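Asker: Next comes the sequence, and after it the predicted model I'd like to discuss.
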2 protein chains.
Amino acid sequence: MTLSEINSWQTIKAEVMRRIVERVWLPGDQIPNEVDLAEEFGCARATVNRALREVAEAGLVERRRKAGTRVALNPTRKATLEIPITRLEVEQRGWRWRHVILEREETLPPAVVTTRLGLSDKIPMLHVRTLHYADNSPFLYEDRWVNISAIEAIRSVNFQSIDANEWLVQNAPFTRGDITFSAANATELEAELLEAKKGAAIFVIDRTTWNGDIPVTLVRLAYAPGYRVHTEL
Amino acid sequence: MTLSEINSWQTIKAEVMRRIVERVWLPGDQIPNEVDLAEEFGCARATVNRALREVAEAGLVERRRKAGTRVALNPTRKATLEIPITRLEVEQRGWRWRHVILEREETLPPAVVTTRLGLSDKIPMLHVRTLHYADNSPFLYEDRWVNISAIEAIRSVNFQSIDANEWLVQNAPFTRGDITFSAANATELEAELLEAKKGAAIFVIDRTTWNGDIPVTLVRLAYAPGYRVHTEL
DNA sequence: GAGTGGTCTAGACCACGCC
DNA sequence: GCGTGGTCTAGACCACTCC
């Protein structure tokens, strides 16, 4: 701890959070404005601003111009999930990763795919189905549709040594995407591939990504039973 | 758009992201330092710093003192989930929320609970089991253990009009917590309560919270089939 | 109208970490 | 050592929004 940290924004953030947690400032209360807090803490207003901005991002206070800063009534906590590349996810758990391409074909997508992406169903897309292994156990069944016109280069990629997810992450950055987590009973196919019983509860991630307004890829990830996503609050 | 926004940190952030997405700067590349970028954009270094800090938080670049700022090789995207109060979650979907207390008892917790919380199994905890409804359909089965010694006030709360989750959010702020998402097959009890078939795939959230080093609550949320968590990337 | 947060500036010192 | 990002300052103007 150096002297400069005494009035660092982290210190102020921690003190503000302490006052909220310990009920010095009650839910709904307006807290002192930035100028007053800067005076109290003996620092510049910008430092207080940085601290309060972070507290607001954490969901503990709400800030509005003129209305000031208030302790949130319903502190909606935010959980941040990192969406890793499957290979790294497997390796970080200490297993060996490998994958098998089940299908890789340029074909006309079904309506459910084109609808979600807002594309014509008359344009062929690349359909890649992959099974990922952790050591020798099935880990993840990936069913992916790629908009070829968005990334011509993918046509010439051989996915034997690198998987589609990883290649796309490195070669087709996207500007926005959405992601849905759900639970599903394993279909017969999924059960067979994941070496589970039919109907077993499967954790499913559906993800769609766009580059600007151009859809890039839509993927459904069906994880083997027992998969969990964990994060800190 | 005012003049001041031309060189705002948002503009710079967008431009930096554009250069990464459009491959002006390649993965692994070191990008110009803050002083040079400030000169290029005609702004103060602090403004560039703010922009680059946000790009780094988004996972697109990695920053290290002396080593500079590099475009990430494996851009690990981060998804932020808001963890709402169940009542609000139901109401936001346009349904009417109500809940039924199935059990509310001070009792000795099972070992699995005390182990996770690092508590002695000889201390009674408050066990609250609740069924939440959306309109008249079961929505969520909540099985919660509360560390009474952490929040004495909970003893005297009647949960008929407010539910435990909501009361705790408003009255027992925590400093840290962890959360796990998984899928499970409905047990016989869960199936009955949630009006689902036994074995149906259930989305499960396990959450534990602490206030400093004091465990506050441990809860398992089992959602009715069809529940999904959605967010933008 | 006026109070509050949001942002920008120009400068400064410091911490880290590569060499 | 020294280049880079991390942070702080003092001041300024602006944008929003409540009154």
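Answerer: Right, received. Where do you want to start?

Asker: mind checking how far residue A:200 is from DNA strand D?
Answerer: Applying CB to the nearest atom of the strand, to the nearest Å, the value for residue A:200 to DNA strand D is 44 Å. Backbone N, C-alpha and C define where each C-beta goes, glycine included.

Asker: measure that residue to residue B:184 for me?
Answerer: Here residue A:200 is placed at a distance of 10 Å from residue B:184 (CB to CB, to the nearest Å).

Asker: do the same with residue A:221
Answerer: Separation of residue A:221 from residue B:184 (CB to CB): 18 Å.

Asker: out of those two, which sits in the busier spot?
Answerer: Between residue A:221 and residue B:184, counted using other CB atoms under 10 Å in any protein chain shown, residue A:221 has the larger neighbour count: 23 against 20.

Asker: check contacts around the closest residue in space to that one that isn't next to it in sequence.
Answerer: Of all residues not flanking residue A:221 in the chain, residue A:205 sits nearest, at 4.3 Å (CB to CB, 6 or more residues apart in numbering or on different chains). Contact criterion CB atoms under 8 Å, 6 or more residues apart in numbering or on different chains gives A:179-181, A:220-221, A:223 as the residues in contact with residue A:205.

Asker: got it, and residue A:44?
Answerer: residue A:38.

Asker: which secondary structure element contains the residue nearest to residue A:10 when sequence neighbours are not counted?
Answerer: Distance criterion CB to CB, 6+ apart; nearest residue to residue A:10, sequence neighbours excluded, is residue A:51 at 7.5 Å. Counting by DSSP states H and E, the element that carries residue A:51 is helix A:45-57.

Asker: how about the residue sitting furthest away from the middle of chain A, phi and psi?
Answerer: The outermost residue of chain A, judged by C-alpha distance from the chain's mean C-alpha position using CA atoms, centre = their mean, is residue A:39 at 39.2 Å. In this entry, residue A:39 is assigned phi and psi values of phi -70, psi -40 (degrees, to the nearest 10).

Asker: mind listing the helices for chain A?
Answerer: Counting by DSSP state H, chain A has helices at residues A:9-21, A:34-41, A:45-57, A:86-92, A:111-117, A:164-171, A:188-193.

Asker: Pull the contacting residues for the residue of chain A found nearest DNA strand D.
Answerer: Per CB to the nearest atom of the strand, residue A:8 is where chain A lies closest to DNA strand D, at 2.6 Å. Neighbouring residues of residue A:8 by CB under 8 Å, 6+ apart: residue A:47.

Asker: How about residue A:111?
Answerer: Per CB under 8 Å, 6+ apart, neighbours of residue A:111: residue A:121.

Asker: Can you get me a residue count around residue A:107?
Answerer: A count of nearby residues for residue A:107, using other CB under 10 Å, gives 11.

Asker: which residues touch it?
Answerer: Under the criterion of CB under 8 Å, 6+ apart, the contact list for residue A:107 reads A:124-125, A:127.

Asker: Show me the domain layout of chain A.
Answerer: Here the domain assignment for chain A is A:3-71, A:86-223, based on automatic domain parsing.

Asker: on that earlier part again, lowest-confidence stretch among the helices of chain A?
Answerer: Of all the helices of chain A, helix A:164-171 carries the lowest average pLDDT, namely a mean of 88.

Asker: residues in chain A within reach of DNA strand D, list them.
Answerer: A:4-5, A:7-11, A:42-47, A:50, A:64-67 (CB under 7 Å from any atom of the strand).

Asker: Restricted to buried residues, select these in PyMOL.
Answerer: Here is the PyMOL command that selects only those of the residues of chain A next to DNA strand D that count as buried (16 or more other CB atoms under 10 Å in any protein chain shown):
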select buried, chain A and resi 7+8+9+11+43+47+50
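
Asker: Between the contacts of residue A:107, identify the one with the most neighbours.
Answerer: Note: the member of the contacts of residue A:107 with the most neighbours is residue A:125, at 25 neighbours, neighbours being other CB under 10 Å.

Asker: Pretty sure residue A:47 sits against residue A:13.
Answerer: No. Contact between residue A:47 and residue A:13 fails when scored by CB atoms under 8 Å: they sit 10.0 Å apart.

Asker: if we can go back for a sec, looking at the domains of chain A, which is nearest to DNA strand C?
Answerer: Between DNA strand C and the domains of chain A, the tightest spacing by CB to the nearest atom of the strand is seen for domain A:3-71, at 2.6 Å.

Asker: Check whether that closest one comes near DNA strand C.
Answerer: Yes. Using CB under 7 Å from any atom of the strand as the criterion, contacts between domain A:3-71 and DNA strand C involve A:4, A:33-35, A:45-46, A:49, A:52-53, A:56, A:63-69.

Asker: Run a quick neighbour tally on residue A:136.
Answerer: With neighbours defined by other CB under 10 Å, the count for residue A:136 comes to 8.

Asker: measure it to residue A:165 for me?
Answerer: Looking at residue A:136 against residue A:165, where the rule is CB to CB, the gap reads 20 Å.

Asker: Ok, residue A:66 next?
Answerer: In this structure, residue A:66 and residue A:165 are separated by 47 Å, where distance is defined by CB to CB.

Asker: got it, and residue A:61?
Answerer: Per CB to CB, residue A:61 is found 38 Å from residue A:165.

Asker: Residue A:27 now?
Answerer: According to CB to CB, residue A:27 stands 43 Å off from residue A:165.
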